[in-house]
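Quick one: sequence plus predicted model below, questions after.
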Amino acid sequence: MSGFLALVRRDLALSLRIGGGASFALVFFLMIVTLTPFAIGPDLNLLARIAPAILWIGAVLATLIGLDRLFQADAEDGTLDLLKAGRLPLEGIVLAKCLAHWLTTGLPLALAAPLFGLLLAMEPAGMAAAALSLLIGTPALTFIGAVGAALTAGIRRGGVLIAILALPLMIPVLIFGVAACNAAVGGTIPFSTPLAILGALTLIFAVIGVIGAAAGLRQVD
Amino acid sequence: MRLSGGEGCCRRLSRMTSTLPDPYSLTARDMACRRNERSLFSGLSFAVSGGCGLALTGPNGVGKTSLLRILAGLLRAEAGTVGLAPALPDLDLPQRSVFVSSRDPLKGALTVRELLSGWQAMVFGGEGGSVEGALHAFDLAALAGVPCAYLSSGQRRRVSLARLKLSSSAHRPVWLLDEPTNALDAAARSRLAAVVGDHLANGGMVIAATHDPLGWPDLAALDLGAHVAGRQAGAALA
């Protein structure tokens, strides 16, 4: 357990220091959200209607930004070999790295969503729903991406390949995330239904992603 | 072919057995390795006992690093078995050995002390070696607060080797070193020799791939060039 926490702490320190890239995802998210109103024009009703979709597409793309280095940096410099020699099983290593990744990408995105919702003319209820759905749904994005990151850890410039591998699996998360936001501001289904499915997706991908990424890392030699 | 160290090694072993009841031994039988559809070596058997070292030599690309990675449990051999006696429950070769590859697993943003404490917590948790001891053994105390990005290649190599002192000979008796003296100056080489000497005196084993004479005592030699697959497959066990 102490090894798990030490790995989480190390990854957090590495991404928060200069050159670590913790802020890349947030800045990328901000760029997508600020560009959209300029592209759409002064139609506040339209903007408010598509705001959940923009926030969620931004979150999916921003999560992909740092994923290519999730395991690749450690595979390149030999740290992965060293970690494999410890008592922590590969599944534990993957879970620790995913946790650190989510704390520096998914969590800031969810916390910033209400603020960015202002730029998209969202209602207060919509902003709260967006933040809550991102909080519950973004871990699934990290776990799905981890499988792609593990499979491409031995390849240089594997970022595009990760997107191709991971994006199709992220679509259900995107659908139910946006559905939850829309349900909060109207519609026929209760808010809790898509949110519960989103939570189920996160739990399922937490298991599949960790086991799948560990299996992928075993092939890296 | 069977190697069990020179005469000096046996002397050390007999002295050692008086204090340690169960000496370690590493046995590899009929090892074969294939990388990217190319056979490297085959029919390779050797044994190393506690207190002994083995120097792997041979031309570039003959499979020295691959053999070390197989022994470290990081690479699957095409054929053959590796056994470490006495076995411990739940712990396999990766957890019983320290593999220092030719790559230095340093993170530029972390200081030397942060890096070593991280290795201690993540990999060698509770095995007895202290960070201060590891810093001292490779003369890194003055660099402890320096981020790894600012280190020279010899200093990086010393930090990389310092993990040897984070493990204990009892937990990880097998040390696998890939070109350990690369980029090291004379003082650092003698420090490494002292650390390796301590390990051997505690009943550990060292297997080092090298092109230079290491100058360590009790070092048997294994020339992988004589085991190139297809050339001498039958003669290997003579």
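Sure thing, it's come through. Residues are numbered from 1 along each chain as shown, chains lettered A, B, ... in the order given.

Is there a neighbour count for B:Ser168? I'd like the number.
Other residues lying near B:Ser168 total 16 when counted by other C-beta atoms under 10 Å in any protein chain shown. C-beta here means a position set from N, CA and C on the backbone, and glycine is covered the same way.

Spatially nearest residue to A:Gly199, not counting backbone neighbours?
Excluding the flanking residues, the one nearest A:Gly199 by C-beta to C-beta, 6 or more residues apart in numbering or on different chains is A:Ile136, at 5.3 Å.

pLDDT score assigned to that neighbour?
A:Ile136 carries a pLDDT value of 96.

Tell me how far the helix or strand in which it is found lies from the chain's centre.
Assessed by DSSP states H and E, A:Ile136 sits inside helix A:124-151. Centroid separation for helix A:124-151 versus its chain: 5 Å, with C-alpha atoms, centre = their mean, to the nearest Å.

Give the other helices and strands that it contacts.
For helix A:124-151, the packing partners by 3 or more C-beta pairs under 8 Å, 6 or more residues apart in numbering or on different chains; DSSP states H and E come out as helix A:44-67, helix A:69-77, helix A:90-104, helix A:106-119, helix A:159-184, helix A:192-218.

Surely the residue nearest to A:Gly199 is in contact with A:Leu198?
Yes - using C-beta atoms under 8 Å, A:Ile136 is in contact with A:Leu198, at 5.1 Å.

between the helix holding A:Ile136 and helix A:159-184, how many degrees?
Here helix A:124-151 runs at an angle of 160 degrees relative to helix A:159-184 (axes from the mean of the first three to the mean of the last three C-alpha atoms, to 10 degrees).

Which positions in chain A make contact with chain B?
A:2-3, A:5-7, A:9-10, A:13-14, A:17-20, A:74, A:76-79, A:81-88, A:221 (C-beta under 8 Å from any C-beta of the partner chain).

Is there a quick ChimeraX command that grabs whichever of the residues you listed are buried?
The buried subset of the residues of chain A next to chain B, as determined by 16 or more other C-beta atoms under 10 Å in any protein chain shown, is captured in ChimeraX by this line:
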select /A:3,6,7,9,10,13,14,20,74,77,78,79,81,82,83,84,85,86,87,88,221
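
Can you flag which of the residues of chain A next to chain B belong to helices?
Mapping the residues of chain A next to chain B onto helices (DSSP state H) picks out A:2-3, A:5-7, A:9-10, A:13-14, A:74, A:76-77, A:79, A:81-84.

What distance do you get for A:Thr202 to chain B?
26 Å (C-beta to the nearest C-beta, to the nearest Å).

Would you agree that residue is in contact with A:Leu135?
No - applying C-beta under 8 Å, one finds A:Thr202 not in contact with A:Leu135, separated by 9.9 Å.

Those two: which has the busier surroundings?
Neighbour count, other C-beta under 10 Å: between A:Thr202 and A:Leu135, A:Thr202 has more, with 20 against 17.

still on that earlier bit, mind listing what the residue nearest to A:Gly199 touches?
Contacts of A:Ile136 were listed using C-beta atoms under 8 Å, 6 or more residues apart in numbering or on different chains, and they are A:195, A:198-199, A:202.

buried subset of these?
Buried among those (16+ other C-beta under 10 Å): A:195, A:198-199, A:202.

From those residues, pick the one nearest chain B.
Nearest to chain B, judged by C-beta to the nearest C-beta, of the buried ones among the contacts of A:Ile136 is A:Thr202 at 26.1 Å.

for the residue nearest the centre of chain B, phi and psi?
In chain B, the centroid-proximal residue (C-alpha atoms, centre = their mean) is B:Leu176; its distance is 1.6 Å. Main-chain dihedrals, B:Leu176, degrees, to the nearest 10: phi -120, psi 110.

Kindly state the beta-bridge partners for it.
Bridge pairing for B:Leu176 (DSSP bridges) gives the partners B:Phe99, B:Ile207.

Please verify my assumption that it contacts B:Val100.
Yes - with contacts counted by C-beta under 8 Å, B:Leu176 reaches B:Val100, the gap being 7.1 Å.

mind showing which ranges of chain B have poor pLDDT?
Chain B contains residues with pLDDT under 70 at B:1-22, B:229-238.

Mind naming the longest helix for it?
Max-length helix for chain B by DSSP H is helix B:186-201.
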